[in-house]
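> sequence and computational prediction follow.
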Amino acid sequence: MVSKLDYLNILKALNEIPFGVGRNLLINFLQGKKNPSIDKNRLHTKASYGSLAYEKEELNALIDNLLLNNLIRMAAMNENRFWKLLELTPKGEVEIRNPTLHKRKLAFNFKENKTKITKEDKKSFKAFGELLTKFNDAQKKAIICPNKHILCIAGAGSGKTTVLTKRIEFLVKYSSVDPSKILAITFTRKARQEMLKRLSIHPLLSIVRVETFNSFCEKILRKHNNLLYDKPIHVINYGDKLRIISRALSKLKMSMDAANYIYFTAAQRRGKTDEQLANIFMNDCFFLRDYFKFKNKELTKSSFETTNGDHERCVNMIVSICKFIDEYMQEHGLRDFADQLLDAIALFEQHKELIPEFEHVLIDEYQDVNSTQIKLIDLFNPANLFCVGDPRQSIYGWRGSNIRYILKFEDKYADCEIITLTKNYRSTKHIVELINKSIRCMGLADLDSSIAGKKDIRLLDFKSEATEYEFVAQTILASNLPRNELFVLARTNRQLNELSLILSQRGIKHIMRSDEMRKSVVAGEGDVTLATIHAIKGLEADTVFVVGCHGVNFPCKGSEHPVIEMVKVQEYDKEEEERRLFYVAMSRAKNRLYLSYSGKKPTNFITEGMLKVINHEAVAPQEKLKTKIISSSDSADLLESLKSWRRTRSIEQGIPAYIVLQNKTLQELAQKTPTNLGELEDIYGFGKVKLKKYGKEVLELVNGHS
């Protein structure tokens with residue numbers, strides 16, 4: 001079992017060894033093994049020699065985590081640029097003196113306790129019987145709990161939006177709270193619209209203020225513009241951003257293509273359109289400006305870690321552009337999200353009489369708040385604060401959100417009540433069991449599914465990405481589900497573009513969603529949603545495909561946001577956040593989940609415990625992973641599953657489906673359901689060759705339906 005501070009031994013080892021070392025030499029050194037380099041350089045005399053008696057896989061995982069969090073890096077040898085050596089970064093040197101990485105892990109910071117339901121609670125539930133009829137006990141407590149400070153930890157699919165809106169109904173209709181004294185805050189326009197829709201059922205509830213942080217600040221600043229500004233100020237839009245970036249580049253005598261060439265590596269440019277590159281570049285520039293504004297720090301060249309001339313050239317360009325953005329926006333009376341939040345805080349600090357008095361403030365997605373948003377909430381200083389969130393789904397640390405606010409809620413509000421919603425109403429018990437095991441190492445409470453359902457989880461290994469994507473396309477074409485009940489999730493924009501091309505070629509209508517854009521690729525209603533995982537959070541579908549489930553994507557070794565990786569201040573564990581991202585992807589699925597990969601080993605995020613759920617048996621991680629389909633015993637369902645299996649084999653082998661097995665063979669299999677090889681040999685079309693090639697797989701599939 002790896003200790004929470006063991007990573008420091010690796011940093012100390014790299015600090016002690018007087019030259020750059022390869023991964024294998026470092027692992028041998030840490031394990032206390034001898035090899036010629038260790039003997040020749042007398043490394044066995046160093047204090048860190050033999051300091052970590054772990055298996056190679058465990059040490060590799062620790063090294064990967066340090067690489068992801070920029071505490072160590074790979075550097076090329078001067079005489080051989082293809083031979084990469086490990087070395088400490090300046091950030092790693094600081095970490096040795098002042099360790100912080102271990103403090104960012106959920107398992108070391110938060111222990112989730114089961115909600116206690118007292119006799120008094122049950123009496124209260126009875127008193128509000130009509131209001132609470134449809135809810136479980138934990139939800140009931142969250143809706144009517146009288147505590148002034150409440151944190152509701154709401155797991156995936158646990159009905160958090162329903163609970164939030166129902167609590168507002170309880171406050172207004174049963175506790176006589178003035179609806180104008182209630183403020184509900186969420187993060188997205190879509191979430192706000194959904195809450196408004198649910199509250200519109202009653203005239204009194206429609207008076208309640210439901211805002212995003214952005215919409216609240218925009219309204220207050222528009223109302224009091226003259227108190228802060230000497231001219232009218234307008235909210236920046238997409239067109240404004242494009243115009244500003246264009247003028248900034250013009251001032252630098254640089255085209256967008258030239259800027260993209262400096263900003264992105266060849267690998268980062270591959271598979272992306274010029275439009276996507278321009279959008280990522282533009283958004284990163286504005287993001288950096290906001291990031292440093294929120295931190296109340298000046299954006300300068302020294303704010304970044306650069307390791308080569310290309311990095312320095314990139315940083316010089318970005319700093320110049322960000323400075324131009326700031327000057328242009330001030331001159332032309334423009335403000336964006338960061339400006340609005342900071343200006344609203346400044347307004348309230350200068351004019352405390354303008355701070356609205358809310359009796360109740362309710363905050364959604366509390367795991368995503370940043371320090372500036374918390375400052376605004378603190379200025380409200382409401383008598384009652386109700387926060388809903390899920391540490392399992394905290395995936396925006398790279399954008400400045402700080403998971404510590406949800407983890408440390410009890411430290412700030414010692415009198416608080418913490419209520420956990422663990423009943424999942426979205427996914428089958430098999431999918432819930434899988435996602436529980438995916439984040440078991442984080443020390444969070446397991447979710448419990450309310451849906452028995454049939455098991456339909458598949459882990460698929462393909463020879464190439466093209467084959468993998470073709471499987472997705474063919475499975476969609478064969479599906480009878482409404483198209484909006486199908487999600488295809490990818491880790492990167494490059495994967496989205498390649499998937500989109502294949503779907504377009506097959507005439508499959510789809511919508512692409514990413515942080516940079518959302519567009520319908522083929523016109524029409526009821527499209528398949530194709531998305532990056534960050535862009536799909538909060539949504540759900542019957543069937544979810546997660547493609548590219550290998551170690552390059554989970555955790556994502558590369559970055560589509562180059563300069564963000566160079567920012568010196570990072571306050572989260574990137575590996576853990578990437579694991580949570582994988583959890584979020586899988587937890588979108590209601591009934592069917594397809595995890596696929598090609599060309600590489602599957603991600604280490606797929607643990608042995610998860611393999612047991614998928615395969616119904618213990619499978620050693622190093623063994624080849626097998627596809628297994630579990631469905632109901634109905635022969636029609638079995639026939640559909642056999643067809644789906646045949647389609648997978650057809651795509652993998654590049655042969656027509658009927659050559660794998662004929663329709664008549666599948667029909668007979670579904671009707672007779674053979675239980676052993678002898679019975680299988682009697683099935684039409686199953687000669688010795690087919691028996692050897694497909695016999696075991698077909699029996700596993702058929703027996704899974706018995």
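Yep, it's here. These numbers were taken from a predicted model, which means no experiment stands behind them.
> poorly predicted segments of the chain, please.
Filtered on pLDDT under 70, the chain yields the residue ranges 1-3, 76-83, 107-109, 111, 516-525, 568-571, 616-634, 705-706.
> the longest strand anywhere in it: what's the following helix or strand?
Taking DSSP state E as the assignment, the strand of the chain that covers the most residues is strand 589-598. Taking DSSP states H and E as the definition, the helix or strand that follows strand 589-598 towards the C-terminus is helix 608-615.
> against which helices or strands is that next one packed?
Under the contact definition 3 or more C-beta pairs under 8 Å, 6 or more residues apart in numbering; DSSP states H and E, helix 608-615 sits against helix 429-438, strand 457-462. From N, CA and C alone the C-beta is placed, and that goes for glycine too.
> picking up where we left off before, okay, angle between the longest strand of the chain and helix 608-615 too, please.
Here the directions of strand 589-598 and helix 608-615 differ by 110 degrees (axes from the mean of the first three to the mean of the last three C-alpha atoms, to 10 degrees).
> who does strand 589-598 touch, helix- and strand-wise?
Helices and strands in packing contact with strand 589-598 are listed as strand 423-428, helix 429-438, strand 457-462, helix 465-478, strand 541-546; criterion 3+ C-beta pairs under 8 Å, 6+ apart.
> what angle sits between that strand and strand 541-546?
Taking the same axes, to 10 degrees, one finds that strand 589-598 is oriented at 20 degrees with respect to strand 541-546.
> the helices and strands packed on helix 608-615: which one's closest to Thr265?
Closest approach to Thr265 among these is made by strand 457-462 (26.4 Å; C-beta to C-beta).
> run me through the strand neighbours of that closest one, direction for each.
strand 589-598 (parallel) (DSSP bridges).
> now the strands: where do they sit in the stretch 501-650 of the chain?
Counting by DSSP state E, counting those that start in this stretch, residue ranges of the strands within the stretch 501-650 of the chain are 510-513, 518-520, 528-532, 541-546, 589-598.
> how far away is the nearest residue to Leu421 once chain neighbours are set aside from Gln393?
What sits nearest to Leu421 in space, not counting adjacent residues and going by C-beta to C-beta, 6 or more residues apart in numbering, is Ser158, at 3.8 Å. Distance, Ser158 to Gln393, using C-beta to C-beta, to the nearest Å: 11 Å.
> residues contacting the spatially most central residue of the chain?
The chain has Leu581 as the residue nearest its centroid, 2.5 Å off, counting by C-alpha atoms, centre = their mean. Under the criterion of C-beta atoms under 8 Å, 6 or more residues apart in numbering, the contact list for Leu581 reads Ile395, Arg491, Ile533, His534, Phe554.
> only alpha carbons, please: show stretch 346-364 as CSV.
Extracted in CSV, the C-alpha atoms of stretch 346-364 (Å, rounded to 0.1, in the frame of the first residue of the first chain):
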residue,chain,number,x,y,z
ALA,A,346,-15.6,46.0,-5.5
LEU,A,347,-19.0,47.6,-5.7
PHE,A,348,-20.2,45.9,-2.6
GLU,A,349,-17.0,46.7,-0.7
GLN,A,350,-17.3,50.4,-1.6
HIS,A,351,-21.1,50.6,-1.1
LYS,A,352,-22.1,48.1,1.6
GLU,A,353,-25.6,49.4,1.5
LEU,A,354,-26.1,47.9,-1.9
ILE,A,355,-25.4,44.3,-0.8
PRO,A,356,-28.7,42.5,-1.2
GLU,A,357,-30.1,40.9,2.0
PHE,A,358,-30.9,37.3,1.3
GLU,A,359,-32.3,35.1,4.1
HIS,A,360,-31.4,31.9,2.2
VAL,A,361,-28.7,31.3,-0.4
LEU,A,362,-28.5,28.0,-2.2
ILE,A,363,-25.5,27.1,-4.3
ASP,A,364,-25.4,24.3,-6.9
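> winner for burial among the helices and strands packed on helix 608-615?
Across the helices and strands packed on helix 608-615, averaging neighbours per residue (mean count of other C-beta atoms under 10 Å) puts helix 429-438 on top, at a mean of 24.
> report the distance from it to the chain centre.
Taking C-alpha atoms, centre = their mean, to the nearest Å, one finds the center of helix 429-438 at 16 Å from the center of the full chain.
> pull out the buried residues from the helix or strand following that helix.
Beyond helix 429-438 on the C-terminal side, the first helix or strand identified by DSSP H and E is strand 448-451. By neighbour count, with 16 or more other C-beta atoms under 10 Å as the criterion, the buried positions of strand 448-451 are Ser449, Ile451.
> can you get me a residue count around the residue nearest to Gln495 when sequence neighbours are not counted?
Leaving aside its chain neighbours, Gln495 sits nearest to Gly548 (5.5 Å; criterion: C-beta to C-beta, 6+ apart). Neighbour count for Gly548, taken as other C-beta atoms under 10 Å: 25.
> any idea how far Ile476 is from Gly548?
Applying C-beta to C-beta, the value for Gly548 to Ile476 is 17 Å.
> repeat that for Leu459.
Taking C-beta to C-beta as the measure, Leu459 falls 19 Å from Ile476.
> with Val315 instead?
Looking at Val315 against Ile476, where the rule is C-beta to C-beta, the gap reads 43 Å.
> ok, now Ser635?
In this structure, Ser635 and Ile476 are separated by 24 Å, where distance is defined by C-beta to C-beta.
> likewise Ser246?
Separation of Ser246 from Ile476 (C-beta to C-beta): 39 Å.
> ok, these two, which is more surrounded?
For Ser246 against Ile476, the residue with the higher neighbour count under other C-beta under 10 Å is Ile476, and the figures read 19 against 14.
> correct me if wrong: Leu539 contacts Phe487.
Yes. With contact defined as C-beta atoms under 8 Å, Leu539 reaches Phe487; the gap is 7.4 Å.
> report the beta-bridge partners for the closest residue to Tyr413 other than its chain neighbours.
Closest residue to Tyr413 apart from its sequence neighbours, by C-beta to C-beta, 6+ apart: His149 at 3.8 Å. Taking DSSP bridges as the rule, His149 bridges to Leu385.
> just checking, what packs against the longest helix along the chain?
When every helix of the chain is counted residue by residue (DSSP state H), the longest turns out to be helix 309-331. Secondary structure elements in contact with helix 309-331, counted by 3+ C-beta pairs under 8 Å, 6+ apart, are helix 238-251, helix 256-263, helix 274-294, helix 562-566.
> need the contact partners of the last one.
Contact with helix 562-566 is made by 70, 263-265, 268, 284, 287-288, 304-306, 311, 314-315, 318, 398, 559, as judged by C-beta under 8 Å, 6+ apart.
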